[in-house]
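*Asks:* pasting the sequence and the predicted coordinates here, then a few questions.
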Amino acid sequence: MNLGDYDGTMSRNDAIKKYLGLTTPASWSKQTKRACEALGFAINTNGGHKRPPSENVAIVEWLIADKKANEPPPPPKTRNKTKRESKFMGFKRISFNVIGNAQRQHISLEPEFIKALELIAGNNKLQWLSDTVADYIAKNGIESSTRIVKLSIVNELLRRAKK
């Protein structure tokens, strides 16, 4: 409900029930009291006093505005997360040892690089990766294993294309 939609024709408690989802008379009374205190209206505790429609409208509108102000922000759109997940869905993690390096190397490659690696090395992928990374590190110093592998795959494909 937008502010101004409640015109006072339905009872205040019915409006509180409909627009705020409160279903018990105790919750109606508690919320009405909060709104009256905030708006400076007299708080009726004996139940015999009927409020004018203008006060009922002000009470309901205040409660709606208060509810909107205290609602948590909407959750982030899942579409962005889905795009990101689908972008990295095809990546494959490969782990291998490098000669002269005690730590196991871990890389993640896109499907295109995996296909190219299979074309270049076939069943000897892990050995090719180990030799390539060890050779590159020996010649050029330490760098990212993933970057080394991708660069080596591209260079090997270019070398083969020139033949």
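*Replies:* Good, I have the coordinates.

*Asks:* the strands in the chain, which residues?
*Replies:* 92-98, 101-109 (DSSP state E).

*Asks:* got a markdown table for those strands, with mean pLDDT, distance to Gly122 and mean neighbour count too?
*Replies:* Placement of C-beta: from N, CA and C, glycine included. Shown next, in a markdown table, are the strands of the chain (pLDDT from 0 to 100; distance: least, Cβ to Cβ, whole Å; neighbours: other Cβ atoms under 10 Å):
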| stretch | mean pLDDT | distance to Gly122 | mean neighbour count |
| --- | --- | --- | --- |
| strand 92-98 | 84 | 15 | 15 |
| strand 101-109 | 82 | 16 | 13 |
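
*Asks:* do you know which of those lies nearest Ile153?
*Replies:* Between Ile153 and the strands of the chain, the shortest separation by Cβ to Cβ is 8.4 Å, and it involves strand 101-109.

*Asks:* next, format the strands of the chain as a markdown table and append distance to Lys125.
*Replies:* As requested, the strands of the chain are exported to a markdown table (distance: least, Cβ to Cβ, whole Å):
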| stretch | distance to Lys125 |
| --- | --- |
| strand 92-98 | 7 |
| strand 101-109 | 10 |
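
*Asks:* Arg51: which of those strands is closest?
*Replies:* Evaluated over these, closeness to Arg51 peaks at strand 101-109, with 66.1 Å, by Cβ to Cβ.

*Asks:* how many other residues sit next to the spatially closest residue to Asn56 that is not a sequence neighbour?
*Replies:* Distances taken as Cβ to Cβ, 6 or more residues apart in numbering place Arg12 nearest to Asn56, at 4.3 Å, with adjacent residues excluded. Here the count is done by other Cβ atoms under 10 Å, and Arg12 has 22 residues near it.

*Asks:* is Arg12 in contact with Ala58, as I believe?
*Replies:* No. Counting by Cβ atoms under 8 Å, Arg12 sits too far from Ala58 to count as a contact (10.2 Å).

*Asks:* so which of the strands of the chain gets nearest Thr132?
*Replies:* Shortest distance between Thr132 and these, using Cβ to Cβ, is found for strand 92-98: 9.2 Å.

*Asks:* what packs against that closest one?
*Replies:* strand 101-109, helix 125-140 (3 or more Cβ pairs under 8 Å, 6 or more residues apart in numbering; DSSP states H and E).
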